[in-house]
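1. pasting a predicted model and its sequence here:
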Amino acid sequence: MLRRRVGRAYHWVGRTFGWSTIIYLVLWIALFVVGGVQSAAPLATPIPLHALPVVLDVLVLLALASVALQRTPPVVVGRAYAQLVGLAPWPARRVLRPRLLGYFSSRVLVGAVVGTAMWLLVSILFAASLPALAAAGAAAWLLRSALALLVYERRRAAWPLVAFATVLAALGAAAAPLGWQQGTAAPALAAVVAGALGALAAVLALSGEGEAYPAGYLYDAAVVSEFRSAMLYAVMTQSVGALRRRGAMARSSRRRGRRSGRARLRLPAPPAEYGALGGMAWRSSLSLLRSPLLMKLALLGALGYVYATLSAGVVGGLPLALLGLAAGFLASWLLGPSVEALPLPVDPFSRGVGRVMPGVVAAGVLFGVLAAAGLSRGGSVAGSEAALLAFALITLATVTLEKSSSWLHVSHREWTTWGLSGLLSGTLLWILSALGGPGAIATGALGLSLFALLILP
Amino acid sequence: MATSETSATKDKDPSAATVTLEGVRVRLGGEAVLDEVDLTIPAGMTVLLRGPNGAGKSTLLRAMAGLLPFDGEIMLFGARPRTLPGRAAFAFVADVPVLFEDLTVREHATFMSRAYDRPEAEAAALGWLERFDLAERIDEFPGTHSRGMRHKTALALALGLEPGLLLLDEPFNTLDAEARGTLQGALLERADSGAINLLSAHEQSLESDLGARVVEVRGGHVGKLRG
C-alpha cells in the first residue's frame, strides 16, 4: 500500500510540476545556500556568548507556552484515514501509529534544519561554532511536538512533563545571569536533556493503548484538515495569480483575518474633531491590541533582535538582509489595517499617519525601555543610539510598507510585500550610513519617512 | 423625461444637485460590459436599475463608486467618484456587503463617522441598527453574522452617513420582511429630503412602492429614465 501511494505521489508531482523543474530549482537553491554560507562572515564585534543560552532558552519557553494553547489535534487525517480510525477493530492509537511516527520524524527533520540555520546564525552573530545546535533544534522540536500531542490528548503525564521542561528551560535562561557557567557546552547539554524528554514524551504518545483516544478527535481532525486545505488553496491561488488576481488576494486575506464573537478588548473612540486621522489611528491601535498573544511575543522577539543587531554595529551582507526582513515582519504587524475594501473619503496623509503612528509609537516606547535598561552592553553602538537607529529603521519600514501595499493594492500581511519593504528599508539605511554616525543615519531615515508621509499619495 | 427634469435644475447649477454620466464605457477583460451610458439623475429621485443577470447593473454601480476603471465622465454632485469630495458624496452597499472584519458592528459606526468626518453619523447608524433589529449584536464582530445580518449592518452604516447618493446593489435580496419595510421607508424618507437613491433590483413592486423611476439595463446598454 505504501509503495503504491509513494508511486502515485511521485507521478502526481512529475505531472504537476515536472521533476526536471524541481531538480533545477533545488540546484539553484542549494547554490544560493552554499554561496550565502560561504560569504557569511562573523561580526567585527560579536555579541557576547553569555547572552546565547538566554536567547535559546527563551525560545524554548515560547515554544512550551504555545503547547499550553494546543486545542487542535497536531496530527490530522484525511477522510480515508478517518474511516480507518473510526471503523477499524483496533484502538485508534494503533491505527494512527504510522501517522504519529511520520509526524515525529518530520518534526525532528524540521528541527534539525532550524538548528542548522541557528548554528550558522550563531557563528555570524556570536562568532562561535556550535554544531550541537542542530541536534538541540531537532530534540527541542521533537519535545514540543510530543508534548503538544500529549496535551491535546489530555494525557495524565502531559502537564507534569510540560512543567518539568519549563522549569529546566527557565533554569537554563537564568543560568547566565546567576553566574552559572555553561559556555559552549550549553547546546549539547540542551540536546541531551530535550532529546531524552522528547523521546519519553514521544514513546508515551505512541503507546498507552489502555487510555481512550480523545472522543472528539475525528471531528477536530476533519475540521482542521478542511481548514488546512482551504488555506493551501488560498496560498496556491495567490501564488498562481499573484499579479492578476489582486481582488482575490485581498478577499482571501480578509477572510483569514476574520474574527467572530464579542470583542473582549476595547479602546475608547477618539474625539470626533480628530476626523479621519483619529479614526485610522484608533483602528490601528485596536488591531495592535487585538493581535494574538503569540504574535505579540514574536514581535517582542523581533524588536529585541533588531535592537541587538544594531547595537552590535551590523552593516552590509547577510546580517543586513536579515535585519531588513525582521524590520519588514515587525512593520507588517505594527501597520494598521487598510481601508481599501471600501471607497472611503480618507486622504493619503490621514491614511498613512493613522496606519503608521500607533505601531511606530509603541515600538519607540519599547526601544526606549531597552535602551534605558542598558541591554546593549558589549555592543559597539551605545544603547540610546542603537534605540534611535532601530526606531528609525522600523519607522522607515512601516512607512515603506504602507505606501507599497497601498500602491500595489496588496495586503501588507503578504510576506512578499513586507519582505520587499523590509529589504528596501534595510538597503536605504545602509545607503544612509554614508551620512555618518547613528544620529545622522536616524535623522535621514526619519526625514525620508516624513517626506513619504507628507508628499507621496 | 430625464431631459426635461435636468433642464429644470440647469438654470441654477447643472452639477450641484445631480448625478450625471456621459459616454461612460466599462471594459472588463477586453469586453465592453457597458457601452456609451448617458444618464442624468436629479435630486430627490429614486432610480431602479432593472435587467437580466449579467446585464451590467452591478458594473454600472461599481463604476459610479469608483471601484472600476471607465472611460467617459461620471460626476457626483460636481465631483468625480475617485476624488475625496466625490467619495464623500456617496455610500455604496454591494450585493455581497463589505465590512471590516477586525471591527465590531459598533466600532464600524464609530470608524465610518470619523472616516467621513460626520460625527452625527455614529448615532444615526446605531439608530438604524436598532431599527434593523441588530441592537443586541452590535458588540460582536460581523465574521459570524449571517449574510442578511451583514447586509443590514452595511445598510445601517450607509443610511447613517446620510449621503447625497446611495448606491445599493440588490439590497432587498437577503432581507427579511420587516427589514424590507424598514429599508423601503428609509429610501422614501431620503428621496423626500432631496437625496438620490440608485439601486438594482428585480422586484416589480418596488417601482410603485418606492415611487421610483426605472432604467432598463440590457446587454451593456442603459436605457432612458422611465416611469
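-> Sure thing, it's come through. Residues are numbered from 1 along each chain as shown, chains lettered A, B, ... in the order given.
2. what's near enough to touch whichever residue of chain A sits closest to chain B?
-> For chain A, the residue closest to chain B is A:Gly279, as judged by CB to the nearest CB, at 2.7 Å. To be clear about C-beta, it is placed using only N, CA and C from the backbone, and glycine gets the same treatment. Residues near A:Gly279 by CB atoms under 8 Å, 6 or more residues apart in numbering or on different chains: A:270, A:354, B:110-111, B:113-115.
3. okay, among those residues, which ones form the most distant pair?
-> The largest separation in those, counting by CB to CB, is between A:Gly354 and B:Ser113 at 14.7 Å.
4. so for those two, which sits in the more crowded spot?
-> Between A:Gly354 and B:Ser113, counted using other CB atoms under 10 Å in any protein chain shown, A:Gly354 has the larger neighbour count: 28 against 25.
5. which one is B:Asp71 nearest to, not counting chain neighbours?
-> Nearest non-adjacent residue to B:Asp71, counting by CB to CB, 6 or more residues apart in numbering or on different chains: B:Arg25, 4.4 Å away.
6. among the contacts of A:Gly279, which ones are in helices?
-> If you go by DSSP state H, the contacts of A:Gly279 have A:354, B:110-111, B:113-115 in helices.
7. ok, then the element right after the helix or strand hosting A:Leu303?
-> Using DSSP states H and E, A:Leu303 maps to helix A:293-311. Sequence-wise, the next helix or strand downstream of helix A:293-311 (DSSP H and E) is helix A:317-334.
8. for the single nearest residue of chain B relative to chain A, what are its contacts?
-> Distance from chain A to each residue of chain B (CB to the nearest CB) is smallest for B:Arg114, at 2.7 Å. Contact analysis of B:Arg114 by CB under 8 Å, 6+ apart lists A:269-270, A:272, A:274-276, A:278-280, A:282.
9. can you check B:Asp35 too?
-> Counting by CB under 8 Å, 6+ apart, B:Asp35 has contacts B:25, B:220-221.
10. centre-most residue in chain B?
-> What sits nearest the mean C-alpha location of chain B, by CA atoms, centre = their mean, is B:Leu167, with 1.0 Å.
11. tabulate the ones in helices among the contacts of A:Gly279 (a markdown table), appending pLDDT and distance to A:Pro438.
-> Formatted as a markdown table, the ones in helices among the contacts of A:Gly279 follow (pLDDT from 0 to 100; distance: CB to CB, whole Å):
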| residue | pLDDT | distance to A:Pro438 |
| --- | --- | --- |
| A:Gly354 | 94 | 29 |
| B:Thr110 | 94 | 41 |
| B:Phe111 | 94 | 38 |
| B:Ser113 | 94 | 43 |
| B:Arg114 | 93 | 38 |
| B:Ala115 | 93 | 38 |
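12. closest to B:Ala65 among those?
-> Taking these together and measuring to B:Ala65 by CB to CB, the closest member is B:Ala115, at 15.0 Å.
13. and the pLDDT for the closest residue to the closest one other than its chain neighbours?
-> Nearest residue to B:Ala115, sequence neighbours excluded (CB to CB, 6+ apart): A:Leu344, at 4.6 Å. A:Leu344 is assigned a pLDDT of 89 by the prediction.
14. thought A:Leu344 was touching B:Arg87?
-> Yes. Using CB atoms under 8 Å, A:Leu344 is in contact with B:Arg87, at 6.5 Å.
15. those two: which is more packed in?
-> Set A:Leu344 next to B:Arg87 and count neighbours by other CB under 10 Å: B:Arg87 wins out with 25 against 20.
16. which ones are touching the more buried one?
-> Counted by CB under 8 Å, 6+ apart, B:Arg87 has contacts A:343-345, B:66, B:81.
17. next secondary structure after the helix or strand of chain B with the lowest mean pLDDT?
-> One helix or strand of chain B scores below all others by mean pLDDT, DSSP states H and E: helix B:2-10, with a mean of 38. Remark: after helix B:2-10, the chain's next helix or strand is strand B:19-28, criterion DSSP H and E.
18. show me what that next one is packed against.
-> strand B:31-41, helix B:57-64, strand B:71-76 (3 or more CB pairs under 8 Å, 6 or more residues apart in numbering or on different chains; DSSP states H and E).
19. can you pull the buried residues of the helix or strand that the shortest one is followed by?
-> Beyond strand B:71-76 on the C-terminal side, the first helix or strand identified by DSSP H and E is helix B:84-88. For helix B:84-88, the buried set under the neighbour-count rule, 16 or more other CB atoms under 10 Å in any protein chain shown, comprises B:86-88.
20. same deal with stretch A:35-53?
-> Result for stretch A:35-53 [16+ other CB under 10 Å]: buried residues A:43, A:46-47, A:49-53.
21. and the helices in the stretch 351-457 of chain A?
-> For the stretch 351-457 of chain A, applying DSSP state H, counting those that start in this stretch gives helices covering A:383-408, A:415-432, A:438-455.
22. most tightly packed of these?
-> Of all the helices of the stretch 351-457 of chain A, helix A:383-408 has the most neighbours on average by mean count of other CB atoms under 10 Å in any protein chain shown, namely a mean of 25.
23. which helices and strands does that one pack with?
-> Using 3+ CB pairs under 8 Å, 6+ apart: helix A:383-408 touches helix A:293-311, helix A:317-334, helix A:348-372, helix A:415-432, helix A:438-455.
24. turn those into TSV, columns for distance to chain B.
-> Shown next, in TSV, are those (distance: least, CB to the nearest CB, whole Å):
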stretch	distance to chain B
helix A:293-311	14
helix A:317-334	13
helix A:348-372	9
helix A:415-432	18
helix A:438-455	17
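25. show me the contacts for residue 113.
-> In the absence of a named chain, this looks at chain A. Per CB under 8 Å, 6+ apart, neighbours of A:Val113: A:Gly137.
26. try chain B instead
-> A:272, A:279, B:119-122, B:125, B:160-161.
27. buried subset of the residues you listed, written for PyMOL?
-> Buried residues within the contacts of B:Ser113, by 16+ other CB under 10 Å, are selected in PyMOL with:
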select buried, (chain A and resi 272+279) or (chain B and resi 121+122+125+160+161)
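28. isn't A:Phe104 up against A:Ser145?
-> Yes. Assessed by CB under 8 Å, A:Phe104 is found in contact with A:Ser145 at 6.3 Å.
29. comparing those two, which residue is more hemmed in?
-> A:Ser145 (26 against 22).
30. pLDDT score for that one?
-> 90.
31. give me the element the closest residue to it other than its chain neighbours is part of.
-> Distances taken as CB to CB, 6+ apart place A:Arg107 nearest to A:Ser145, at 4.2 Å, with adjacent residues excluded. Applying DSSP H and E as the criterion places A:Arg107 in helix A:92-125.
32. distance from the chain centre to that helix, please.
-> 17 Å (CA atoms, centre = their mean, to the nearest Å).
33. now do it and helix A:317-334, the angle between them.
-> Computed with axes from the mean of the first three to the mean of the last three CA atoms, to 10 degrees, the direction of helix A:92-125 lies at 120 degrees from that of helix A:317-334.
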